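1. Below are the sequence and a predicted model for it; my questions follow.
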Amino acid sequence: MLNNLRVVLVRPKIAGNLGAVARVMRNMGFSDLRLVAPEADPESEHARQMATHGVDVLKNCQCVATLADAVADCGLVVGSSARVGGPFRRQSVGTPKSICPKMIDVLPSAPAALVFGPERNGLSDTEITRCHYTIHIPTVADCAALNLAQSVAICLYELRMAFLEKSIAKECGPQLSSPPANFAHLENMFARLQGSLEKIHFLYPPGGPALMHALRHLLARALPTAKEVDILLGLARQIEWASHAIRHRSDRSDDQSSE
């Protein structure tokens, strides 16, 4: 089951951090490491030195171009951020201890991704909006930022503890009747839904992006199945059809009035 947990590092810059992350993944029993557009070289000597017993994790890591590529098949995507608040970072924020059990619940039926941003700035607002939940490690305000590998270690420790607690109790958390829809399916639905809501002016500047972000989180937290996402796609198509029909009737009415 732990093989379904994926650690994703977005644009990592320091080779030593790649090795340190690989090491702690091996310590905690995880092996799937994805690097999104890495600036650091996972094959460098420094990375291998820091990996120690996690060299195999480092050697087998996959490099991809975008975050979407890294998590396309995942049922749950959790980002990590030192910054919270604002329209894009106040949704579904929690500590590692509160959010990691939700990931363990998903793992029997679908992959789940734990996403970390580059060392200097972390995940962008756009990348955060693609996550179902955001983990915030409650450090002190005047020294909030942790080293990348330290953040990964804290989160993987809580994931392992959640896994062990469920194993000892002989429980796997709430069983999902069907696996959740994957990231790519969700993104397709959200894009179609956003377009249809813009047509009826439910989403409009300047609050449109923040409102869509809130709607994304409302729907994504429910972990909809593929069939349920198809229902939402049908809803988006029906909104588009109704908008077109109303506009067409209005145009005909205007034409008749002018006659």
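-> Good, I have the coordinates. Residues are numbered from 1 along each chain as shown.

2. can you give me the helices for the stretch 101-250 of the chain?
-> Using DSSP state H, counting those that start in this stretch, the helices of the stretch 101-250 of the chain run over 125-129, 148-168, 183-199, 208-220, 226-258.

3. end-to-end on stretch 197-204?
-> End-to-end distance for stretch 197-204, by Cα to Cα, to the nearest Å: 9 Å.

4. In the protein, what helix or strand scores lowest on average pLDDT?
-> The weakest-scoring helix or strand in the chain, judged by mean pLDDT, DSSP states H and E, is helix 86-89 (a mean of 62).

5. per-domain residue ranges of the chain.
-> Domains of the chain are assigned by automatic domain parsing as 2-168, 183-258.

6. related to what we said a few turns ago, could I get the helices of the stretch 101-250 of the chain as a markdown table with mean neighbour count?
-> Heads up, the C-betas are built off the backbone N, CA and C, glycines and all. Formatted as a markdown table, the helices of the stretch 101-250 of the chain follow (neighbours: other Cβ atoms under 10 Å):
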| stretch | mean neighbour count |
| --- | --- |
| helix 125-129 | 18 |
| helix 148-168 | 19 |
| helix 183-199 | 18 |
| helix 208-220 | 17 |
| helix 226-258 | 12 |
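
7. show me the contacts for residue 199.
-> 239-240, 243 (Cβ atoms under 8 Å, 6 or more residues apart in numbering).

8. what's the least confident stretch among the domains of the chain?
-> In terms of average pLDDT, domain 183-258 trails the rest of those, at a mean of 86.

9. chain center to that one: distance?
-> 22 Å (Cα atoms, centre = their mean, to the nearest Å).

10. secondary structure class for residue 7?
-> strand (DSSP: H, G, I helix; E, B strand; the rest coil).

11. these two touch, right, residue 159 and residue 5?
-> Yes - here residue 159 reaches residue 5: they are 6.6 Å apart, a contact under Cβ atoms under 8 Å.

12. residues shared between the contacts of these two?
-> By Cβ under 8 Å, 6+ apart, the residues touching both residue 159 and residue 5 are 30, 103, 114.

13. Please identify which of the residues you listed is nearest to residue 249.
-> Checking those against residue 249 with Cβ to Cβ, the nearest one is residue 103 at 48.5 Å.

14. Tell me the spacing between that closest one and residue 136.
-> Relative to residue 136, residue 103 is positioned 15 Å away (Cβ to Cβ, to the nearest Å).

15. which one of the two has more residues nearby?
-> Of the pair residue 103 and residue 136, residue 103 is the one with more neighbours under other Cβ atoms under 10 Å, namely 27 against 19.
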